[in-house]
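Visitor: My questions concern the predicted model and sequence given below.
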Amino acid sequence: MVHDVVVVGAGSAGLSCARMLQDGGADVVVVSDTIGGRLAYDAEAGVNFGAYFVMANYENARKLVTRRTRINPLSCRFHDGADGSFATVSGHSVRRSLGLGAFAVVMARFIRKYSTFKKNCEYMSQREAMELDPYIARLFVQPASEFIAAHHLTAVAQDYVSKFSYACTGVDLDSITALDFCNVAQGLLIPIHRFSFDAQAELNRLGDRFVRDTVVAHSEKDGLHTLQTAGKQQLQARNVVFATPATVTADLLGLGDIREACQLYVEHVRGRLRSGLDTEQMNLFPFTSPIVFTATQDDGTVLVYSRVPEVDRDALFVEHELLGRKDWDKAMYVTGRAYVEQQYGDSTYVAGDHNGLGLEPAAISGVYAARQILKKLVVR
Ligand SMILES: Cc1cc2nc3c(=O)[nH]c(=O)nc-3n(C[C@H](O)[C@H](O)[C@H](O)COP(=O)(O)OP(=O)(O)OC[C@H]3O[C@@H](n4cnc5c(N)ncnc54)[C@H](O)[C@@H]3O)c2cc1C
């Protein structure tokens with residue numbers, strides 16, 4: 001049977017794409033080895049082992065998740081790597097008030113511009129949307145550290161924003177683009193929530209349109225795409241959307257440069273945090289620390305995000321019990337300036353967080369691919 005579309009991958013990008021295609025009446029099949037991908041919510045434990053929060057302005061990704069507790073930015077402790085630390089509201093923040101004000105002004109401009117850019121990206125490729133806005137195009141290639149220096153935000157970034165950015169990206173400010181930096185830094189101003197993801201509801205929605213398998217090869221001849229899976233299935237379609245992680249997409253399509261991914265290790269721990277770490281909901285660390293952040297959950301258990309596999313739990317907890325763990329060898333594609341096109345030929349589409357970090361950019365790229373395909377199906 002030849003389908004209108006096969007979507008490969010069922011993360012934020014693939015599920016957003018499939019949802020729009022289904023709603024538009026397309027004959028779509030989703031093939032993926034997981035449902036959710038880096039949306040890795042453990043319903044039993046009630047914690048996220050992958051993406052941790054959604055922002056209030058995630059117009060697309062929010063269709064996939066249910067918001068839970070709001071994360072209180074005022075209940076954070078910022079550590080300096082030695083023994084020093086300060087809470088969000090403290091004598092330190094009073095001393096930095098001018099810098100924090102300047103940061104808010106810079107971010108207000110970004111949020112305005114970025115919201116138009118994101119809307120545009122639902123209807124045009126990211127490349128076209130960047131051509132419409134030189135401000136965003138510049139941020140895509142500018143190192144975050146250069147952007148910070150140019151806007152005289154060095155002190156406030158060092159104290160606060162670099163640690164929040166490290167918590168969201170797992171790397172330092174020299175590695176990420178100004179666009180990714182500003183994107184994640186919005187979370188200091190816009191409400192952010194923990195969330196749950198209902199994998200079963202997505203499976204119910206897709207029904208027999210979901211194939212749990214791994215695509216191992218793709219070929220195209222005369223507009224007909226053939227996908228081979230590890231389970232020896234063969235799927236055929238007139239359009240294909242690769243909503244797989246960048247490294248997988250690059251392998252399957254033979255793409256050139258892609259951004260490099262960081263590694264993250266997430267541990268769910270029951271325990272008593274040490275003195276100095278037990279006063280606020282979250283502890284945020286600088287890039288010099290292998291621990292990225294800790295976050296106390298509603299039930300008192302703690303999530304620890306680290307960029308090294310061996311987490312020194314004794315340094316964090318007086319006593320501890322490991323409840324669960326997830327290793328992300330390719331957590332987020334954050335390093336480098338490579339741009340991945342979203343369409344190859346007439347009927348091969350790429351969606352995901354290849355060009356922009358997070359659940360929302362991934363979801364938007366899926367929506368864009370779906371819109372392109374639906375336009376063709378209507379014409380036919
Ligand atoms: C630890 C961690 C914390 C994060 N925190 C946040 C956060 O707080 N907020 C935020 O917005 N973002 C966060 N992110 C980033 C966010 O999770 C990703 O940007 C987003 O989920 C990417 O979605 P995607 O659909 O592009 O990719 P994925 O979610 O990786 O989906 C890819 C899909 O493809 C499938 N697949 C892979 N290979 C194949 C194959 N060969 N054949 C078939 N299927 C295949 C996978 O199983 C998966 O279903 C975090 C990521 C991690 C890892």
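Guide: Received, thanks.

Visitor: contacting residues around residue 113?
Guide: 133, 135-136 (Cβ atoms under 8 Å, 6 or more residues apart in numbering). For glycine as for every other residue, the C-beta is placed from the backbone atoms N, C-alpha and C.

Visitor: Please tell me I have it right and residue 270 contacts residue 324.
Guide: No - in this structure, residue 270 is not within contact of residue 324 by Cβ atoms under 8 Å, at 10.2 Å.

Visitor: What mean pLDDT does the top strand by length along the chain get?
Guide: Determined from DSSP state E, the single longest strand within the chain is strand 317-335. Averaging pLDDT along strand 317-335 yields 97.

Visitor: Show me which residues of it are buried.
Guide: Within strand 317-335, the residues that count as buried by 16 or more other Cβ atoms under 10 Å are 317, 320, 323, 326, 328, 331-335.

Visitor: tell me which strands and helices the helix or strand following it is in contact with?
Guide: Downstream of strand 317-335, the next assigned helix or strand under DSSP states H and E is strand 343-344. For strand 343-344, the elements it packs on are strand 348-350, judged by 3 or more Cβ pairs under 8 Å, 6 or more residues apart in numbering; DSSP states H and E.

Visitor: and the contacts of residue 113 as a markdown table, adding distance to the ligand, neighbour count and pLDDT?
Guide: Below are the contacts of residue 113 laid out as a markdown table (distance: Cβ to the nearest ligand atom, whole Å; neighbours: other Cβ atoms under 10 Å; pLDDT from 0 to 100):
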| residue | distance to the ligand | neighbour count | pLDDT |
| --- | --- | --- | --- |
| 133 | 22 | 15 | 98 |
| 135 | 22 | 12 | 97 |
| 136 | 18 | 23 | 98 |
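
Visitor: can you pull the contacts of the residue nearest to residue 321 when sequence neighbours are not counted?
Guide: The spatial neighbour of residue 321 that comes closest, neighbours along the chain excluded (Cβ to Cβ, 6 or more residues apart in numbering), is residue 270 at 4.7 Å. By Cβ under 8 Å, 6+ apart, residue 270 lies in contact with 300-302, 320-321, 323.

Visitor: Residue 270: what secondary structure?
Guide: strand (DSSP: H, G, I helix; E, B strand; the rest coil).

Visitor: Tell me the confidence at it?
Guide: 98.

Visitor: The buried residues of strand 317-335 also near the ligand: which ones?
Guide: Among these, proximity to the ligand is found for 328, 331-332 (Cβ under 6 Å from any ligand atom).

Visitor: Dump these into CSV; add distance to residue 208 as well.
Guide: As requested, those are exported to CSV (distance: Cβ to Cβ, whole Å):
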residue, distance to residue 208
328, 31
331, 32
332, 33
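
Visitor: and residue 346, how many neighbours?
Guide: 10 (other Cβ atoms under 10 Å).

Visitor: and the chain, which residues reach the ligand?
Guide: 8-14, 31-34, 37-39, 50-53, 214-215, 243-245, 248, 264, 266, 328, 331-332, 352-353, 357-359, 362.

Visitor: rewinding a little: CA-only coordinates of the longest strand of the chain, as PDB, when you get a sec.
Guide: The C-alpha trace of strand 317-335 is given here as PDB (Å, rounded to 0.1, in the frame of the first residue of the first chain):
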ATOM      1  CA  PHE A 317      23.000  14.400  49.500                       C
ATOM      2  CA  VAL A 318      23.500  13.400  53.100                       C
ATOM      3  CA  GLU A 319      21.700  10.200  52.300                       C
ATOM      4  CA  HIS A 320      20.300   9.000  49.000                       C
ATOM      5  CA  GLU A 321      18.600   6.300  47.100                       C
ATOM      6  CA  LEU A 322      18.600   6.100  43.300                       C
ATOM      7  CA  LEU A 323      15.000   5.700  42.000                       C
ATOM      8  CA  GLY A 324      15.700   5.900  38.200                       C
ATOM      9  CA  ARG A 325      18.100   7.100  35.600                       C
ATOM     10  CA  LYS A 326      18.300   8.000  31.900                       C
ATOM     11  CA  ASP A 327      21.400   8.600  29.900                       C
ATOM     12  CA  TRP A 328      21.200  10.900  26.800                       C
ATOM     13  CA  ASP A 329      24.200  10.300  24.600                       C
ATOM     14  CA  LYS A 330      22.700  12.900  22.200                       C
ATOM     15  CA  ALA A 331      20.700  15.200  24.400                       C
ATOM     16  CA  MET A 332      20.600  18.400  22.500                       C
ATOM     17  CA  TYR A 333      22.100  19.600  19.200                       C
ATOM     18  CA  VAL A 334      23.600  22.800  20.500                       C
ATOM     19  CA  THR A 335      27.100  23.200  19.300                       C
END
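
Visitor: Can you tell me how far the residue sitting furthest away from the middle of the chain is from residue 8?
Guide: Relative to the centre of the chain, the most outlying C-alpha is that of residue 222, 35.3 Å out, by Cα atoms, centre = their mean. Distance, residue 222 to residue 8, using Cβ to Cβ, to the nearest Å: 20 Å.
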